[in-house]
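Colleague: starting from these lines, generate the structure:
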Amino acid sequence: MRTRSVVLGAVLLLGLTGCEEPADEAAGAALSPVPTAQQPAASAGGACILWDYALIKQKIGVTFDVAASDQVDDTSTCVVQTAAGDYPDLMFSVVETTRATPAQFLGDRPAKATVTKGLGRAAYRLYTAPAAGHGPTIELGWLSEAKQLQTLRFTFDKKAPAAAVSAMNPKLIALAKAMDTTGG
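Modeller: Purely as a prediction, here's the structure:
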């Protein structure tokens with residue numbers, strides 16, 4: 001009985017689509033956009049499994065709705081953006097395990113990075129100037145309590161005011177602390 005209903009429905013639908021309307025009416029009719037359901041950031045896999053959009057919004061006050069991830073050897077990454085544009089974006093990467101000591105980690109930090117206290121076993125913060133169509137970036141890198149290398153980088157839109165960059169610092173640290181793996 002169900003098959004007959006499906007077939008009758010399909011025949012009815014085909015019959016209706018065969019009807020023509022005058023060309024001037026058809027030209028003025030626009031198709032309505034089909035709403036799409038937002039997928040959770042975690043559905044992208046990789047390091048995205050550690051994130052959700054609500055946590056990010058709660059910690060840094062920015063709404064993201066698109067996520068992508070990658071995995072190369074023991075390094076997993078996640079990038080979130082808005083569907084509206086390339087920036088701002090937020091990237092998180094995790095190296096599964098390291099034998100680095102806090103002193104080694106800080107000794108290998110980027111040249112202009114400053115030591116940051118209160119995050120993991122050792123941490124740095126790096127500011128990068130605007131370039132290539134985007135605004136400045138703030139990067140936090142840390143050696144987690146679980147002996148993982150973690151990096152969190154926020155890239156601003158090129159129109160971001162200096163005050164927004166300064167205000168993002170404590171917010172990124174709060175997000176990094178929420179992301180820090182503790183081992184166990």
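Colleague: pick out the residue nearest the middle of this structure.
Modeller: Geometric centre of the chain, nearest residue: residue 80, 1.5 Å, by Cα atoms, centre = their mean.
Colleague: just say helix, strand or coil for it.
Modeller: strand (DSSP: H, G, I helix; E, B strand; the rest coil).
Colleague: I figured it was touching residue 90, is that so?
Modeller: Yes: with contact defined as Cβ atoms under 8 Å, residue 80 reaches residue 90; the gap is 5.1 Å. C-beta here means a position set from N, CA and C on the backbone, and glycine is covered the same way.
Colleague: common neighbours of these two, please.
Modeller: Contact criterion Cβ atoms under 8 Å, 6 or more residues apart in numbering; residues shared by residue 80 and residue 90: 56, 64.
Colleague: identify the bridge partners of the residue nearest to the centre of the chain.
Modeller: residue 67, residue 90 (DSSP bridges).
Colleague: residue contacts, it?
Modeller: Residue 80 touches 41, 48, 51, 53, 56, 64, 66, 67, 89, 90, counting by Cβ under 8 Å, 6+ apart.
Colleague: and the pLDDT for it?
Modeller: As predicted, residue 80 sits at a pLDDT of 96.
Colleague: now it: how far from residue 145?
Modeller: 24 Å (Cβ to Cβ, to the nearest Å).
Colleague: tally of neighbours for residue 65?
Modeller: 13 (other Cβ atoms under 10 Å).
Colleague: quick one: it and residue 90 touch, right?
Modeller: No: assessed by Cβ under 8 Å, residue 65 is found out of contact with residue 90, at 11.9 Å.
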